[in-house]
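A.B. asks: no sequence on this one, just coordinates:
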DNA sequence: ACGGTTTTTTATCATTTGTAAAGTTATAAT
DNA sequence: ATTATAACTTTACAAATGATAAAAAACCGT
């Protein structure tokens, strides 16, 4: 997915404004297993996934909790870091070799102050990320783990090929053993 | 809480920009039990709570699920409606008589296009709401219901006086009976 | 204060989910 | 191919939670 279409998918931008953003973007590449963002660090870079898949997870006392998967076209950002310049909650780990568009938040902030189109683009960006977060919250509130598993693989069938079940179980808020039981019943 | 301090708490605004927003704000009053926002309707008004308390909940097959409480200084908005002009997920119900500042999203959008300070204020507004939603999501992911209850009343002790336990149980993702057992153990 | 309603607690039993451990399958490296 | 490691499934048992019903307590309007 090309960077200009990713940017303009958020909201239509004048050509000049698009170039101003593209000018501060770098294409970078990291291998599977690379930790792209770290909890407890202030992370000032935002990424858009050109190719690959990643997960966000939190280190808890009783193990990791995965709460996000991102693939081609998705945004990788520690919102706490991006918004408030404080260490975020989550680690982001690449689950495949990835190609990413890298965008520095400080450079972007300079553009926000100068260009009203980019300011409103940044607003739309935050608003859309908000809707996605809200959806994730609401999905967690409803249905049994079994229902949510069925929905997940219906909407993201390729996830099963690309992500290991322990992460999916964690994402669903159940143990891997429980997920195994669910999968056995669905056969 | 006065409206100018609510607005400037989000981000410092020039006086002229503040007045432009204040000009399109009305103070309104509704009784306890009033439904301020409706799921399945496009709601184009945003509210800031001057006085009172409210909850957001979703009507599910097996009853209501409360997932947000708001009090003085908090923002009441159906983000789905505000951002994408589509019906939202949630009902908002007033749990006390309330005084509210009412702000129309369409009028606000006009200001976003005209004033770069207001555009960036709107960006910060969305960003801060995003952080709050993220926090709510993350809190749901961790700890037992009992731990989350203890945390909730530690951070919001007055909630127990102002909100009935059935709503708090729903917020914690457990039944009211389960919450009663938890409370009995903590004594 | 009274009666009626709502809210909260308590008790019982059934179900779900977790933990631990063992067994099976798949994957990767040499 | 062989071995070692990681991923996934299965089982048995324990703990937590839900459903339901009923009792107790708190609240409200008159």
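C.D. replies: Nice, I can see it. Quantities reported herein were computed from a predicted structural model and do not represent experimental measurements.

A.B. asks: alpha carbons only for contacts and neighbour counts from here, please
C.D. replies: OK.

A.B. asks: who's in contact with the residue of chain A found nearest DNA strand C?
C.D. replies: Going by Cα to the nearest atom of the strand, DNA strand C is nearest to residue A:174 of chain A, at 3.7 Å. Taking Cα atoms under 8 Å, 6 or more residues apart in numbering or on different chains, we find residue A:174 in contact with residue A:145.

A.B. asks: look up how far residue B:119 lies from residue A:113.
C.D. replies: Per Cα to Cα, to the nearest Å, residue A:113 is found 10 Å from residue B:119.

A.B. asks: show me where chain A has strands.
C.D. replies: Per DSSP state E, chain A carries strands over the ranges A:25-30, A:35-37, A:45-51, A:54-60, A:63-70, A:75-76, A:91-94, A:98-104.

A.B. asks: picking that back up, pLDDT at the residue of chain A closest to DNA strand C, what is it?
C.D. replies: Residue A:174 carries a pLDDT value of 93.

A.B. asks: one step back: of the strands of chain A, which is nearest residue B:83?
C.D. replies: With respect to residue B:83, and counting by Cα to Cα, the nearest of those is strand A:75-76 at 18.2 Å.

A.B. asks: so what secondary structure elements neighbour the closest one?
C.D. replies: If you count contacts as 3 or more Cα pairs under 8 Å, 6 or more residues apart in numbering or on different chains; DSSP states H and E, strand A:75-76 packs onto strand A:45-51.

A.B. asks: I'd assumed residue A:100 was in contact with residue A:48.
C.D. replies: Yes: Residue A:48 is within contact range of residue A:100, at 5.6 Å (criterion: Cα atoms under 8 Å).

A.B. asks: enumerate the residues of chain A near DNA strand D.
C.D. replies: Residues of chain A found near DNA strand D (Cα under 7 Å from any atom of the strand) are A:163, A:164, A:165, A:166, A:176, A:177, A:178, A:179, A:180, A:181, A:183, A:184.

A.B. asks: hmm, try it at 10 Å
C.D. replies: A:160-169, A:175-185, A:187 (Cα under 10 Å from any atom of the strand).

A.B. asks: tell me the confidence at the closest residue to residue A:100 other than its chain neighbours?
C.D. replies: Leaving aside its sequence neighbours, residue A:100 sits nearest to residue A:49 (Cα to Cα, 6 or more residues apart in numbering or on different chains; 4.7 Å). Residue A:49 is assigned 95 on the pLDDT scale.

A.B. asks: now tabulate the strands of chain A in a markdown table and tack on distance to residue A:14 and mean neighbour count.
C.D. replies: As requested, the strands of chain A are exported to a markdown table (distance: least, Cα to Cα, whole Å; neighbours: other Cα atoms under 10 Å in any protein chain shown):
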| stretch | distance to residue A:14 | mean neighbour count |
| --- | --- | --- |
| strand A:25-30 | 17 | 15 |
| strand A:35-37 | 31 | 19 |
| strand A:45-51 | 20 | 22 |
| strand A:54-60 | 31 | 20 |
| strand A:63-70 | 28 | 19 |
| strand A:75-76 | 21 | 21 |
| strand A:91-94 | 32 | 21 |
| strand A:98-104 | 19 | 20 |
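
A.B. asks: which one of the ones you listed lies closest to residue B:12?
C.D. replies: Comparing those under Cα to Cα, the one sitting nearest is strand A:98-104, at 23.5 Å.

A.B. asks: quick one, helices of chain A?
C.D. replies: A:3-10, A:15-22, A:79-84, A:105-114, A:116-141, A:145-155, A:159-162, A:165-172, A:176-186 (DSSP state H).

A.B. asks: one step back: and the residue nearest to residue A:100, how close does it get to residue A:77?
C.D. replies: 11 Å.

A.B. asks: cool, residue A:139 as well?
C.D. replies: 21 Å.

A.B. asks: the two: which is more packed in?
C.D. replies: Taking other Cα atoms under 10 Å in any protein chain shown, residue A:139 and residue A:77 do not tie; residue A:77 has more neighbours (23 against 13).

A.B. asks: next, give phi and psi for that one.
C.D. replies: Backbone torsions for residue A:77, taken as degrees, to the nearest 10, come to phi -160, psi 140.

A.B. asks: how about it, nearest residue that isn't a chain neighbour?
C.D. replies: Using Cα to Cα, 6+ apart and skipping residues adjacent in sequence, the residue nearest residue A:77 is residue A:46, 5.0 Å away.

A.B. asks: check residue A:149 too.
C.D. replies: residue A:172 (7.0 Å).

A.B. asks: my read is that that neighbour contacts residue A:145, right?
C.D. replies: Yes: in terms of Cα under 8 Å, residue A:172 counts as a neighbour of residue A:145; the distance is 6.2 Å.
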